[in-house]
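[1] Fold the following for me, if possible:
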Amino acid sequence: MKRTKLFTAWLLALAAPAALACTAPPPAVIDIDANSYYSDAHHSVIDPVLRARNIANTKPIDDFLADVAKNASLGNAACALGWLESWAGQKALLGKLSSEQAWYVRKWTLGGMALSYARVKPAAGAAQQQAIESWFKTLADATMAHSDAHKGTRNNHYYWEGLAVTAVGGVTGDERYLGWGRKVFEHAMGQVAADGSLPPEMERGAKALHYHVFAAVPLVMSASILDIRSPKLDQLMRFTIAAAQDPSAMEKATGFAQERANGSEMSFAIIYARHEGRAELMPAKANFQPRLGGDLNLPNPLEHLAARKSQ
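    Down below sits the predicted model:
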């Protein structure tokens, strides 16, 4: 009998979710060293050497974000919170930023962390909440200040800044950040052309389609968090989805053959479909995107969901 009980316990241990295991958080990255890797005026041709250097330098940050998102999505709250609290206590990402690309990395990371944190916040103790949310707000304040000082055309980078700050506002309940996010979203909607395109992204040569998708991603999540329904966003989504299915019109307009958008890239449409109640736009299965809080098949607590409808 004793042997049977031991064998049963061994089987149960094997069946326990691997996600419940949690390694110690990695050392915090304080300074961000990142570099641009495009070699042409349209920012559409990648220099592989520069790209490889950027990936190597930012890998510790990307790995941290991916692990937090994975644990948050799997419900391993203690691990996700422990990692976030560790980096918050070390003032991660608040050191020297080597370039504009480093600012990009920081806003993408902030948005992803805030969205992952939203999944596990109910399990956080008061001290954890204070440490993590104070850190997020410091990062959001720096993001807003840097963005507001920007001169020139606004493009997808502004929208990702908007999402990062909006997510912080949503998860902390701070209206100051939500208000700034609304401002960014409204600006973006003002940029949508009559045909649904974004003129700044149409200037990206062979990557015009890629950057329409990249620009739409933070806008649909921001719209859901803020619970905004915009005819302009509908136009942008129709244009982007149509171009992903058949890029010939975009190729004619830009004069460049377009890199195709695969199903994985387009799975962000699940966020738009949930918010708008558009059952026909729901992908069979979405993917895992750390910058959006992990598993897109699981609605984020910050999303506003609508009853499904079909059009």
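
[2] and stretch 167-175, how far from the chain's centre?
    In this view, stretch 167-175 has its centroid 15 Å away from the chain centroid, taken as Cα atoms, centre = their mean, to the nearest Å.

[3] which of the residues in it are buried?
    Judged by neighbour count (16 or more other Cβ atoms under 10 Å), stretch 167-175 contains these buried residues: 167, 168, 169, 170, 171, 172, 174. For the C-beta atoms, the positions are set from N, CA and C on the backbone; glycine is no exception.

[4] Report the rounded mean pLDDT for that stretch.
    Taken as a whole, stretch 167-175 has a mean pLDDT of 98.

[5] picking up where we left off before, counting only strands, which of the buried residues of stretch 167-175 make the cut?
    When strands are assigned by DSSP state E, not one member of the buried residues of stretch 167-175 lies inside them.

[6] now, which of those residues lie within helices?
    Counting by DSSP state H, the part of the buried residues of stretch 167-175 found in helices is 167, 168, 169, 170, 171, 172.

[7] Secondary structure element holding residue 40?
    Using DSSP states H and E, residue 40 falls within no helix or strand.

[8] For the spatially closest residue to it that is not a sequence neighbour, report the pLDDT, please.
    Distances taken as Cβ to Cβ, 6 or more residues apart in numbering put residue 205 closest to residue 40, at 7.2 Å, once the chain neighbours are dropped. Looking at residue 205, its pLDDT stands at 93.

[9] Got the phi and psi for residue 205?
    phi 60, psi -130 (degrees, to the nearest 10).

[10] Would you check that it makes contact with residue 44?
    Yes: with contact defined as Cβ atoms under 8 Å, residue 205 reaches residue 44; the gap is 3.6 Å.

[11] Overlap in contacts, those two.
    Shared between the contact lists of residue 205 and residue 44 (criterion: Cβ atoms under 8 Å, 6 or more residues apart in numbering) are residues residue 256.

[12] could you point out which element follows the helix or strand harbouring residue 85?
    Counting by DSSP H and E, the element that carries residue 85 is helix 77-89. Beyond helix 77-89 in the direction of the C-terminus, DSSP H and E gives the next helix or strand as helix 100-120.

[13] packing partners for that next one?
    When contacts are defined as 3 or more Cβ pairs under 8 Å, 6 or more residues apart in numbering; DSSP states H and E, helix 100-120 packs onto helix 48-73, helix 77-89, helix 126-148, helix 156-172, strand 294-295.

[14] quick one: which of the ones you listed is nearest residue 118?
    With distances scored as Cβ to Cβ, the stretch of the helices and strands packed on helix 100-120 nearest to residue 118 is helix 156-172 (4.6 Å).

[15] Check which residues of the helix or strand that the closest one is followed by are buried.
    Using DSSP H and E, the helix or strand that follows helix 156-172 towards the C-terminus is helix 175-191. Taking 16+ other Cβ under 10 Å as the basis for neighbour counts, the residues of helix 175-191 that come out buried are 177, 178, 180, 181, 182, 184, 185, 188, 189, 191.

[16] Extract the C-alpha trace of helix 175-191 and format it as PDB.
    Once non-C-alpha atoms are left out, helix 175-191 reads as follows in PDB (Å, rounded to 0.1, in the frame of the first residue of the first chain):
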ATOM      1  CA  GLU A 175      -6.700  58.600 -15.500                       C
ATOM      2  CA  ARG A 176      -3.600  60.800 -16.300                       C
ATOM      3  CA  TYR A 177      -2.100  58.000 -18.300                       C
ATOM      4  CA  LEU A 178      -5.500  56.900 -19.800                       C
ATOM      5  CA  GLY A 179      -6.000  60.500 -21.000                       C
ATOM      6  CA  TRP A 180      -2.600  60.600 -22.700                       C
ATOM      7  CA  GLY A 181      -3.400  57.400 -24.400                       C
ATOM      8  CA  ARG A 182      -6.700  58.800 -25.700                       C
ATOM      9  CA  LYS A 183      -4.800  61.700 -27.100                       C
ATOM     10  CA  VAL A 184      -2.500  59.400 -29.000                       C
ATOM     11  CA  PHE A 185      -5.300  57.300 -30.300                       C
ATOM     12  CA  GLU A 186      -7.300  60.300 -31.500                       C
ATOM     13  CA  HIS A 187      -4.200  61.600 -33.300                       C
ATOM     14  CA  ALA A 188      -3.700  58.300 -35.000                       C
ATOM     15  CA  MET A 189      -7.400  58.200 -36.200                       C
ATOM     16  CA  GLY A 190      -6.800  61.700 -37.600                       C
ATOM     17  CA  GLN A 191      -4.000  60.300 -39.800                       C
END
